[in-house]
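Chemist: this one's sequence-less:
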Ligand SMILES: Cc1cc2nc3c(=O)[nH]c(=O)nc-3n(C[C@H](O)[C@H](O)[C@H](O)COP(=O)(O)O)c2cc1C
């Protein structure tokens, strides 16, 4: 069973990935949030930091490219190969309006002829194995059979399916039945938040050779480890991970940026605790590292770990 960490822009950055890697097991590949090349092939400082092999040392990372121009894709893939990466992932799933308006990410799914021309060029001389992460359509799930037929014409190294359309973003239940059309191996992604649901999904879908976990793994950083048969989350392990992450961000970022990022992180991690509402509310008002540390210490001291931690959208949005 393959267990991959989904790319999550603004969450699973290089610092996060390496701290996760040294605190928890179970993840075979960490997918980097997308890099979006422009015609000049100049990358933002953030993208350069993400791609820097020193920031990814010891972590099995797969860079992801968001593009609709095969030349930019090819040049970026060659650059990533020269930096030492061994595989590239193509993003055909991003639902963001600014991305789809440029016919990138899931925006390409709405233009099959353009997608085909792009994939023809991308797979003509791939410098590295290229996997694809896709949704099942743009407007509606009925697009999937034709889209799948198109994708199957290309020698992707792996296919990762998030069975929602672009219009659905992340709402509603994923269309898991769409995965049954596959007569070959694929990886499934979407709404798997406990080890039990991972196992259940895999037992019910024999063609799925693994899963990619996103929000569930951020909310419970031991989820992949537990799904792989290792230890479930403990309070000590969560505290060590949290403190390691906080310290590591402090090494690289200004304090206000660290507090902002850790606040977001705690929205996910609060899914692990019972009775954390008071602390979650208090964290909203925090502006300094000192205040943040005080409230988080209270949370770890006073709130019990849930018997079954799992991502909770209501907590994230509250
Ligand atoms: C905040 C956020 C950022 C994301 N960034 C990316 C990204 O950069 N590339 C990508 O392919 N998917 C991205 N995704 C989608 C996730 O990789 C994943 O497909 C989605 O969260 C569904 O999986 P889950 O239910 O296990 O979370 C993002 C999702 C979220 C919530």
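Modeler: Looks like it arrived, so ask away. Note that this is a predicted model, so its numbers are computed, not measured. Numbering: from 1, shown residues only.
Chemist: In terms of secondary structure, what does the longest helix seen in the chain contact?
Modeler: What stands out as the longest helix in the chain, according to DSSP state H, is helix 235-252. If contacts are counted by 3 or more CB pairs under 8 Å, 6 or more residues apart in numbering; DSSP states H and E, helix 235-252 sits against helix 14-23, helix 255-269, helix 289-302. C-beta: built from backbone N, CA, C; applies to glycine.
Chemist: Show residues contacting that helix.
Modeler: Contacts to helix 235-252, defined as CB atoms under 8 Å, 6 or more residues apart in numbering, come from residues 15-16, 18-20, 22-24, 221-222, 231, 257-258, 261-262, 265, 269, 272, 289, 293, 296, 300, 305.
Chemist: secondary structure class for residue 212?
Modeler: strand (DSSP: H, G, I helix; E, B strand; the rest coil).
Chemist: how near is it to residue 79?
Modeler: 24 Å (CB to CB, to the nearest Å).
Chemist: Show me which of those two is the more surrounded one.
Modeler: Applying other CB atoms under 10 Å to residue 212 and residue 79 shows that residue 212 carries more neighbours, namely 25 against 17.
Chemist: Return the residues of this protein in contact with the ligand.
Modeler: Proximity of the chain to the ligand, by CB under 6 Å from any ligand atom, involves residues 6-11, 33-34, 64, 91, 93-94, 133, 162, 189-192, 213-216.
Chemist: Which pLDDT value goes with the closest residue to residue 93 other than its chain neighbours?
Modeler: Setting aside the residues directly before and after it, residue 93 is nearest to residue 135 in space (CB to CB, 6 or more residues apart in numbering), at 4.7 Å. At residue 135, the model reports a pLDDT of 98.
Chemist: Tell me how many other residues surround residue 135.
Modeler: The tally of other residues near residue 135 (other CB under 10 Å) stands at 30.
Chemist: Renumber starting at 32 from here on
Modeler: I'll keep to 32 as the first residue from here, and by that count the last item is residue 166.
Chemist: OK, contacts around it?
Modeler: Neighbour list for residue 166: 123-124, 126, 137, 140, 192-197 [criterion: CB under 8 Å, 6+ apart].
Chemist: out of those, who's nearest residue 151?
Modeler: For these, the minimum distance to residue 151 (CB to CB) is 14.8 Å, reached by residue 123.
Chemist: follow-up on the earlier one: list only buried entries from the residues of the chain next to the ligand.
Modeler: With burial judged by 16 or more other CB atoms under 10 Å, the buried subset of those is 37-39, 42, 64-65, 95, 122, 124-125, 164, 193, 220-223, 244-247.
Chemist: The stretch 132-281 of the chain: strands as residue ranges?
Modeler: 161-165, 190-192, 217-220, 239-244 (DSSP state E, counting those that start in this stretch).
Chemist: Columns distance to residue 184 on top of those strands, output as CSV?
Modeler: Shown next, in CSV, are the strands of the stretch 132-281 of the chain (distance: least, CB to CB, whole Å):
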stretch, distance to residue 184
strand 161-165, 12
strand 190-192, 12
strand 217-220, 15
strand 239-244, 21
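Chemist: Identify the residue of the stretch 232-349 of the chain closest to the ligand, quick one.
Modeler: Relative to the ligand, the nearest point of the stretch 232-349 of the chain is residue 245 (2.7 Å; CB to the nearest ligand atom).
Chemist: got the phi/psi numbers for residue 157?
Modeler: Main-chain torsions, residue 157, degrees, to the nearest 10: phi -70, psi 130.
Chemist: Also residue 155?
Modeler: phi -70, psi -50.
Chemist: Please report how far it lies from residue 102.
Modeler: 11 Å.
Chemist: For the two, indicate the residue with more neighbours.
Modeler: Each of residue 155 and residue 102 has its neighbours counted (other CB under 10 Å); residue 102 has more, 13 against 9.
Chemist: And the pLDDT for that one?
Modeler: Residue 102 carries a pLDDT score of 96 in this model.
Chemist: Report the contact partners of it.
Modeler: Going by CB under 8 Å, 6+ apart, residue 102 touches residue 152.
Chemist: repeat that with 10 Å
Modeler: By CB atoms under 10 Å, 6 or more residues apart in numbering, the residues touching residue 102 are 68, 70, 72, 152-153.
Chemist: Now the buried members of these.
Modeler: Here, 16+ other CB under 10 Å leaves 68, 153 buried among these.
Chemist: ok, of the contacts of residue 102, which one's closest to the ligand?
Modeler: residue 68 (14.2 Å).
Chemist: can you tell me how far that closest one sits from residue 284?
Modeler: Distance, residue 68 to residue 284, using CB to CB: 25 Å.
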